[in-house]
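Peer 1: Need coordinates for the following:
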Amino acid sequence: MRKKLLFVINTLGHAGAETALLELLRRLSPEEYEIYLYVLMGQGEMARELPAYVKLLNTRYDDSSVLSGEGKRRLQGKVLRALFSRGTFLRLAPYMAAQFFGMLRNGRILPDKLLWRAMSDGGERFDMHFDLAVAYLEGGATYYVADHVDAQHRAAFVHVDYVRAGYTRALDRGCYLKYDRIFAVSDEVKKAFLGVYPECGEATDVFHNILDAEAIRRKAGSGEGFKDGYDGMRILSVGRLTAQKAFEVSIQAMKLLKERGERVRWYVLGDGDQRRTLEEQVRRLGLEEDFLMPGAVDNPYPYMAQADIYVHASRFEGKSIAIQEAQILGKAILVSDCSGNREQVTDGVDGRMCELTPEGICGGIIELLHDTEKRACFGRAAAERNTGNEEELGKLLSIIA
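Peer 2: Numbering: from 1, shown residues only. Sure thing, here's the model as predicted:
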């Protein structure tokens with residue numbers, strides 16, 4: 001008899017964790033497992049890429065982007081419905097008030113963290129028993145699997161620096177203690193998580209993202225990529241337009257590059273809640289033709305392949321899928337010196353590391369712009385370093401072996 005596996009994720013839009021989940025699902029055998037997926041927010045365009053044998057449990061699903069204006073409005077409606085279903089708001093009011101004032105004392109209000117518990121409690125219920133239920137993302141998905149899923153075993157994935165992302169034991173209500181295994185996507189993510197949950201040490205392991213390197217290379221050659229006719233040097237970044245990614249610092253770095261006479265154009269593929277703020281900064285600095293944000297694309301790989309430098313200058317990371325993809329495509333990479341990035345790029349060997357300042361980013365880019373051999377050397381080393389990590393799947397399936 002096939003064993004039943006359930007995966008739960010918050011949304012299924014274009015982002016790193018979602019990409020990694022899809023690849024993991026593709027590696028599972030439908031002959032051995034019945035595979036189910038529940039998307040807590042019931043939205044995201046990447047559902048179109050699910051393998052045919054994965055059964056989507058949502059009774060209603062919206063495959064629109066979670067980052068578009070219309071998509072955000074739909075998400076807001078779902079949050080409101082969850083808050084007022086099953087008496088969720090009244091039941092959670094003391095919890096939400098306590099967490100809000102705790103965030104206020106720390107000077108950092110994170111509305112999404114406050115609402116994940118409501119989304120979990122307001123989610124659909126399924127009269128099914130699973131051999132293994134997997135919470136593939138922090139917050140709502142993790143709360144949902146811990147509290148509302150009937151499963152013989154439970155596993156949770158942690159993709160971010162837990163403390164830097166704003167999670168606490170009080171916010172979680174200690175839910176990770178209900179899990180048989182916790183998988184962190186990097187050593188630094190594991191260390192940060194165990195700083196909050198030290199008693200989970202024996203249950204916590206590192207699970208590296210699974211990627212299909214051959215498919216990435218194939219897709220890189222199957223699309224058009226840049227179509228603006230620009231013949232100078234190109235910089236590329238891929239990521240959501242959020243505070244974590246620090247694109248306002250990259251825009252300032254682009255201003256410095258322009259002032260120093262560098263002939264270069266910077267492109268960012270992604271969308272997010274900071275778009276308007278960043279676009280206003282670009283206009284204010286007169287960079288409309290120099291720092292371009294065309295939005296998220298289904299296939300970013302032709303752009304990566306055609307770019308001269310890939311830059312990932314963020315405040316913190318878990319393990320960036322975008323960096324791994326750029327490495328697979330043999331790109332010269334510049335990253336900020338932060339958690340996550342330090343584990344993925346060795347400074348001076350397969351990329352360059354810089355301070356997260358306009359001057360630091362600008363200096364790193366100029367060094368690579370003017371050294372063709374260094375770019376080629378870093379690219380070759382990056383391509384040799386990165387693997388698809390196919391062996392990782394056994395760590396998850398061993399729970400129910």
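
Peer 1: what is the mean pLDDT for stretch 283-296?
Peer 2: For stretch 283-296, mean pLDDT is 95.

Peer 1: Check which residues of the longest helix along the chain are buried.
Peer 2: In the chain, with assignment by DSSP state H, the single longest helix is helix 88-106. For helix 88-106, a neighbour-count test (16 or more other C-beta atoms under 10 Å) marks 88-89, 92, 96, 99, 103 as buried. Where C-beta positions appear, they are placed from N, C-alpha and C, glycine not excepted.

Peer 1: Now the element after that helix, going C-ward?
Peer 2: Proceeding N to C from helix 88-106, the next assigned helix or strand is helix 111-121, under DSSP states H and E.

Peer 1: Okay, helices next: where are they in the stretch 301-401 of the chain?
Peer 2: 301-306, 321-328, 341-344, 358-369, 372-385, 393-397 (DSSP state H, counting those that start in this stretch).

Peer 1: Could you point out which of those sits nearest residue 2?
Peer 2: Across the helices of the stretch 301-401 of the chain, residue 2 has its closest neighbour in helix 393-397 (12.8 Å, C-beta to C-beta).

Peer 1: What helices and strands are in contact with that closest one?
Peer 2: Packed against helix 393-397, as judged by 3 or more C-beta pairs under 8 Å, 6 or more residues apart in numbering; DSSP states H and E, are the following elements: helix 16-27, strand 181-184.

Peer 1: Spell out the residue ranges of the strands in this structure.
Peer 2: Counting by DSSP state E, the chain has these strands, from start to end: 3-9, 33-39, 54-56, 129-135, 150-158, 181-184, 204-206, 233-238, 264-269, 291-292, 309-312, 333-336, 352-354.

Peer 1: which residues are contacting the shortest one?
Peer 2: This means strand 291-292. For strand 291-292, contacts defined as C-beta atoms under 8 Å, 6 or more residues apart in numbering pick out 228, 250-251, 254, 265-268, 282.

Peer 1: Next: the fourth one.
Peer 2: Strand 129-135 is contacted by residues 3-8, 36, 141-142, 144-146, 149-157, 179, 396, 399-400 when judged by C-beta under 8 Å, 6+ apart.

Peer 1: if you set the cut-off to 7 Å instead, what comes out?
Peer 2: 3-8, 141-142, 145, 149-157, 399-400 (C-beta atoms under 7 Å, 6 or more residues apart in numbering).

Peer 1: Centre of the chain to it, how far?
Peer 2: Between the mean C-alpha location of strand 129-135 and the chain-wide mean there is a distance of 22 Å, by C-alpha atoms, centre = their mean, to the nearest Å.

Peer 1: I'd like the mean pLDDT over it, please.
Peer 2: Averaging pLDDT along strand 129-135 gives 98.

Peer 1: Just the buried residues of it, please?
Peer 2: Those buried within strand 129-135 under the rule 16+ other C-beta under 10 Å are 130-135.

Peer 1: Let's have those in CSV, adding distance to residue 294.
Peer 2: As requested, the buried residues of strand 129-135 are exported to CSV (distance: C-beta to C-beta, whole Å):
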residue, distance to residue 294
130, 41
131, 43
132, 40
133, 38
134, 34
135, 33
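
Peer 1: and the two most separated of these?
Peer 2: Farthest apart among the buried residues of strand 129-135 - using C-beta to C-beta - are 131 and 135, which lie 15.2 Å from each other.

Peer 1: Return the item of the contacts of strand 291-292 having minimum pLDDT.
Peer 2: When those are compared on pLDDT, residue 228 comes out lowest, with 91.

Peer 1: For the chain, which residues score under the pLDDT cut-off?
Peer 2: Along the chain, segments meeting pLDDT under 70 span 68-69, 71, 84, 86-87, 89, 386-390.

Peer 1: Select only the buried ones of the contacts of strand 291-292 in ChimeraX?
Peer 2: Applying 16+ other C-beta under 10 Å to those, the buried members can be selected in ChimeraX as follows:
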select :250,251,254,265,266,267,268,282
